[in-house]
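here are the coordinates; sequence isn't available:
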């Protein structure tokens, strides 16, 4: 089977990472996989299987990608097309129709379309819903990475139910990971880990404030490490200095492989204001690492099964986050229980479910 995967780029976000992992699994299964990126850039390029071809459309603006994408589809003649992240999904639908291709096309939605996310995108929910309704009707299937994401799209579109399918994001399940706290973090303190792109909706500032509260309460045996990079790095550093937390918080930058860091941490904390799935939570569970997460409208609640496999707290509440951190440090869930839960989100299972939809 020849599968064309269309993405904006290969930056370090969870959506990009899952599609690289999926493509690698499909390639291992003997399928011919080709990536088509609007821009061939980002650290995840290095993780792509060597058997997979990567086409660079070299388009900084999505609007300019339509004609190059039409030509690519005509040249490759894929049997299946997978496109992720609106509005790339809508442009890919148009390109497929205008190319005259008979390929089946599958659109993947990673984000829940709530008002807060629409505001971040700079569009109204009405305009996003209209765009999706008019274009997604031509898709063979609209795959959402969580039930919450699916419900959010149903609310703003008038697409028929048979267009929808939920397939939870998949992660590679690590094996034989060792605790290398001293090597990776160079500390004897309890390690609190957070990870993600340093941008506003990830709300790392609430975690830092929570740790400062605990420090004032004399919980000084804790240190926060944040994996990731992004536009808010300088602002986050300013908050660290303002709260006098330079010795208690460390920004480690982007890491291609987060698993060694997850496995060597005492607790993973997720602070996002909006999520579609929250890949990093599943990754933490797969390492047997306990989790505290904000109860965003979608994603974390489904992964943690309404709090059974980790603490859920209100968004932006540093006091409750501080309390949850201590509660989980003192009363952790057994590692084996968490790793068993993570198996529900394996990349092998995820890739197989996609292939079943492709038939």
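Okay, I see it. Here the structure is a predicted model, which is why all the values come from computation and not from measurement.

going by C-alpha atoms from here, please, whenever you check contacts or count neighbours.
Fine.

ok, the closest residue to residue 45 other than its chain neighbours to residue 173 distance?
Computed as Cα to Cα, 6 or more residues apart in numbering, the closest residue to residue 45 that is not its neighbour in sequence is residue 10, at 6.0 Å. Distance, residue 10 to residue 173, using Cα to Cα, to the nearest Å: 21 Å.

tell me, how many residues neighbour the residue nearest to residue 45?
As a burial measure, residue 10 scores 23 neighbours (other Cα atoms under 10 Å).

surely it and residue 41 touch.
Yes: counting by Cα atoms under 8 Å, residue 10 does reach residue 41; the two are 5.7 Å apart.

tell me who's in contact with the residue nearest to residue 45.
The contact partners of residue 10, by Cα atoms under 8 Å, 6 or more residues apart in numbering, come to 16, 17, 37, 40, 41, 42, 43, 44, 45.

what do you get if the cut-off is 7 Å, keeping everything else the same?
By Cα atoms under 7 Å, 6 or more residues apart in numbering, residue 10 lies in contact with 16, 40, 41, 42, 43, 44, 45.

same question, residue 101
Shown in contact with residue 101 (Cα under 7 Å, 6+ apart): residue 74.

give the residue spans of the chain that score low on pLDDT.
The chain contains residues with pLDDT under 70 at 114-122.

farthest residue from the center of it?
Farthest-out residue of the chain from its mean C-alpha position, per Cα atoms, centre = their mean: residue 218, at 34.4 Å.

and the residue nearest to residue 45, what element?
Residue 10 is part of no helix or strand, with elements assigned from DSSP states H and E.

how close does it sit to residue 154?
28 Å.

which residues of the stretch 1-150 of the chain fall in strands?
Ranges of strands within the stretch 1-150 of the chain are 2-7, 32-37, 53-56, 80-84, 104-109, 141-144, based on DSSP state E, counting those that start in this stretch.

any buried residues in the third one, and which?
Which is strand 53-56. Residues of strand 53-56 classed as buried: residue 54 (neighbour count, 16 or more other Cα atoms under 10 Å).

tell me what that strand is packed against?
Counting by 3 or more Cα pairs under 7 Å, 6 or more residues apart in numbering; DSSP states H and E, the packing neighbours recorded for strand 53-56 are strand 32-37.

quick one: the strand it packs on to chain centroid distance?
20 Å (Cα atoms, centre = their mean, to the nearest Å).

so which elements touch that strand?
Packed against strand 32-37 by the contact rule (3+ Cα pairs under 7 Å, 6+ apart) you find strand 2-7, strand 53-56.

if you set the cut-off to 8 Å instead, what comes out?
Applying 3 or more Cα pairs under 8 Å, 6 or more residues apart in numbering; DSSP states H and E, one finds that strand 32-37 makes contact with strand 2-7, helix 14-28, strand 53-56.

parallel or antiparallel, list what pairs with it.
strand 2-7 (parallel), strand 53-56 (parallel) (DSSP bridges).

for the stretch 51-200 of the chain, what spans make up the helices?
Assigned by DSSP state H, counting those that start in this stretch, the helices in the stretch 51-200 of the chain fall at 66-76, 88-99, 115-121, 125-136, 147-156, 181-185.

nearest to residue 191, out of these?
helix 181-185 (8.0 Å; Cα to Cα).

for that closest one, buried residues please.
181, 185.

who's in contact with the spatially closest residue to residue 23 that is not a sequence neighbour?
Once flanking residues are discounted, residue 23 sits nearest to residue 33: 6.4 Å by Cα to Cα, 6+ apart. Residue 33 is in contact with 2, 3, 4, 5, 23, 26, 27, 52, 53, counting by Cα under 8 Å, 6+ apart.

quick check: residue 33 vs residue 19, distance?
Taken as Cα to Cα, the span from residue 33 to residue 19 is 11 Å.

list the contacts of residue 279.
Going by Cα under 8 Å, 6+ apart, the list of residues near residue 279 reads 14, 169, 170, 171.

for burial, what's the neighbour tally of the third one?
Applying other Cα under 10 Å, we find 25 other residues in the vicinity of residue 170.

surely it touches residue 348?
Yes: with contact defined as Cα under 8 Å, residue 170 and residue 348 form a contacting pair (7.3 Å).

any chance you could map the strands in the stretch 251-359 of the chain?
Counting by DSSP E, counting those that start in this stretch, the strands of the stretch 251-359 of the chain are 267-270, 291-294, 311-313.

adding mean neighbour count and distance to residue 90, write the ones you listed out as a markdown table.
A markdown table is the format used below for the strands of the stretch 251-359 of the chain (neighbours: other Cα atoms under 10 Å; distance: least, Cα to Cα, whole Å):
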| stretch | mean neighbour count | distance to residue 90 |
| --- | --- | --- |
| strand 267-270 | 26 | 30 |
| strand 291-294 | 26 | 31 |
| strand 311-313 | 22 | 34 |
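
same list (those) but as a markdown table, adding distance to residue 320.
Formatted as a markdown table, these follow (distance: least, Cα to Cα, whole Å):
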| stretch | distance to residue 320 |
| --- | --- |
| strand 267-270 | 12 |
| strand 291-294 | 10 |
| strand 311-313 | 7 |
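
circling back: neighbour-wise, which one of the contacts of residue 279 leads?
residue 169 (27 neighbours).

in the sheet, who's paired with residue 251?
According to DSSP bridges, beta-bridge pairing links residue 251 with residue 226.
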